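**Q** below: sequence and its predicted model.
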Amino acid sequence: MLASSRSHQWLAMNKLCIFIGVMVFSWMGWWLGAKIGTMTGFALSSIGSVVGVYVGWRINRDYLG
């Protein structure tokens, strides 16, 4: 039971870290790209979302897990 509870906590923290990473990096991509144009903002926001997933996952794995 303890392992299952710990696993659920790890998954919940992983989801939270990924969510925060996506929000932050997506916003930064939009902020930078919107200075050039709407489509550039959209493209950089999309790239930032992917980067945010990776960064959030790594933070949870390396520092919180």
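**A** Done, it's in. Quick caveat, the model's predicted, so the values are computed rather than measured.

**Q** can we go C-alpha only for contacts and neighbour counts from here?
**A** Noted.

**Q** contact partners of whichever strand or helix holds G41?
**A** In this assignment (DSSP states H and E), G41 forms part of helix 38-59. For helix 38-59, contacts defined as Cα atoms under 8 Å, 6 or more residues apart in numbering pick out 14, 17-35.

**Q** from the contact counts, what lies against the helix or strand bottoming out on mean pLDDT in the chain?
**A** Ranking every helix and strand in the chain by mean pLDDT, DSSP states H and E puts helix 2-33 at the bottom, with a mean of 91. Judged by 3 or more Cα pairs under 8 Å, 6 or more residues apart in numbering; DSSP states H and E, helix 2-33 is in contact with helix 38-59.

**Q** how about the helix it packs on: buried residues?
**A** Residues of helix 38-59 classed as buried: 40-53, 55-58 (neighbour count, 16 or more other Cα atoms under 10 Å).

**Q** give the rounded mean pLDDT of it.
**A** Helix 38-59 shows a mean pLDDT of 97 in the predicted model.

**Q** now do that helix: distance to the chain's middle.
**A** Put simply, helix 38-59 sits 8 Å off its chain's centre (Cα atoms, centre = their mean, to the nearest Å).

**Q** then stretch 49-63?
**A** Worked out by Cα atoms, centre = their mean, stretch 49-63 lies 6 Å from the chain centre.
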